[in-house]
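1. I need the structure of the sequence given here:
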Amino acid sequence: MYCRVQTFRYLGSTLLMGVVLAAGCSYTGEDTTREKDFAVSKTVKTAIGASGSTFVNPIMTKWIAAFQEAHPGVLINYRPIGSGAGLEELKQGLLEFAASDTPLTDGQLKDMTPVIQLPVTAGPICAVYNVADAKSPLRFSGATLAGIFSGNIISWQDPGIAHDNPGVKLPKAAIIVVHRSDRSGTTDILTTYLSKVNPQWSEKIGHGLTVPWPVGIGAEGSKGVVDFVKKYSGTIGYGELNYATEQHVPVASIENRAGTFVAPSPAGATAAIEANEDALEKDPRTSIVDPPASAKNAYPITGLSFLLLPKDGHDEEERRQVRGFVEYALSGGQSVAGELNYATLPQPLQKSGVAALQGLTANGQAVK
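-> Below is the predicted model:
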């Protein structure tokens, strides 16, 4: 694991060296493994391997603990290694399921062994920052945020930031951008938003699990980004609300299409989902970022997180337990969403997900 520096346009040499030396990442991942490799205890009857999204990790940890307590003998090993890495392990046949904040398109699905793909949770992606003496939560329009992450806005006293934050004391300091170095669904959600609100960003940078960042320091995982921002003044990055709340890192309010600056919250994420509910019923992969102006209370940088499961497998009991776990996540597990800063999925999405699970098979036969 590593953190990489792409461009240091605004850092003096002394600070630059300190930042580079301190940019080691905090996540200590595990080597790629099949689930059977960690099922060493005699009490473990069924071992399930999974990996992927860091966004979903806090609620996934809660779900796994509850499911394992109710199902002695089942062990679920989830590794938060990023959406892209999880999808790659799924393609290699190493997992019982992967989690991704970016759903696969029809074209991508054709290149894989058949999988079942369904949303399991949703939540806001936050702009996290460390600005000395800023007593009030900062606010950013889409144009300002795109300007910061593109490197066109380089100072905390830029007129665009001052316009968004009237009366707020801003330091005479350079902006240090921190972004994900790994292939991340969180990055895709943020850059999809920036592409929608800023034509220049869409044309020159685009969106995806990784993008050609014009500026910034790369850190691995949402935790790596948030930890880095917490440590260094003048920084701005992005990550999940749960990580920011745990680390007491400030999060910005973002202007939505209605012209309202909305703080990231489960309620704001729910409003974004509700604004796209009809489209989601037709295709759960519909992007919910930048909802229409009619959704006055919607937080605009909101995304869904998906689970992808191989349609067929060899061990029927394993498949039964995987189905049971995901069914729990889609039903009873939704009750813990709010306390962990996620949004509860609408009932139609919960029901369609449970129905899709009935397509799981073992050796080509329906799982009983």
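2. Let me see the domain layout of this protein.
-> The record's domain parsing of the chain by automatic domain parsing lists 5-23+124-282, 35-121+305-366.
3. closest one to Pro291 among these?
-> Taking CB to CB, domain 5-23+124-282 is the member of those nearest to Pro291, at 3.8 Å. Just so you know, the C-beta spots here come from the backbone N, C-alpha and C atoms, and that holds for glycine as well.
4. if we can go back for a sec, of the domains of the chain, which is nearest Val289?
-> domain 5-23+124-282 (4.4 Å).
5. Please enumerate the helices of this structure.
-> Under the criterion DSSP state H, helices of the chain are mapped to 13-21, 57-70, 83-91, 106-110, 142-150, 159-164, 185-197, 199-204, 221-231, 241-246, 266-275, 277-282, 316-330, 347-357.
6. which outside residues touch the fourth one?
-> In this structure, residues lying in contact with helix 106-110 by CB atoms under 8 Å, 6 or more residues apart in numbering are Val115, Gln117.
7. Next one: Arg9, what pLDDT does it get?
-> pLDDT, Arg9: 34.
8. if I look at Thr302, how far off is Ser352?
-> 19 Å (CB to CB, to the nearest Å).
9. Of all the strand elements in the protein, which one is longest?
-> For the chain, the strand that runs over the most residues, judged by DSSP state E, is strand 115-129.
10. Look at Thr302 and Ser352 and report which has more neighbours.
-> Neighbour totals were compared for Thr302 and Ser352, and Thr302 leads with 29 against 17 (other CB atoms under 10 Å).
11. Around Trp156, how many other residues sit close by?
-> Neighbours of Trp156 (other CB under 10 Å): 22.
12. my guess is it contacts Val168, does it?
-> No: the pair Trp156 and Val168 fails to qualify as a contact (CB atoms under 8 Å) at a distance of 10.0 Å.
13. follow-up on the earlier one: out of the domains of the chain, the one nearest Pro292 is which?
-> Closest among these, using CB to CB: domain 5-23+124-282, at 6.0 Å.
14. before we move on, back to that, what helices and strands are in contact with the longest strand of the chain?
-> Counting contacts by 3 or more CB pairs under 8 Å, 6 or more residues apart in numbering; DSSP states H and E, strand 115-129 packs against helix 185-197, helix 221-231, strand 235-240, helix 241-246, helix 266-275, strand 302-310, helix 316-330, helix 347-357.
15. With only the CA atoms kept, save the fourth one in CSV.
-> The C-alpha coordinates for helix 241-246 follow below in CSV (Å, rounded to 0.1, in the frame of the first residue of the first chain):
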residue,chain,number,x,y,z
LEU,A,241,-19.8,10.9,6.4
ASN,A,242,-19.3,8.1,8.9
TYR,A,243,-15.5,8.4,8.7
ALA,A,244,-15.6,12.2,9.0
THR,A,245,-17.9,12.0,12.0
GLU,A,246,-15.7,9.4,13.8
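16. helices or strands up against it?
-> Short answer (3+ CB pairs under 8 Å, 6+ apart): helix 241-246 packs on helix 57-70, strand 115-129, helix 221-231.
17. and that helix, average pLDDT?
-> 92.
18. thought Ser222 was touching Phe55?
-> Yes: with contacts defined as CB under 8 Å, Ser222 counts as touching Phe55 at a distance of 6.6 Å.
19. How many neighbouring residues does Pro72 have?
-> 9.
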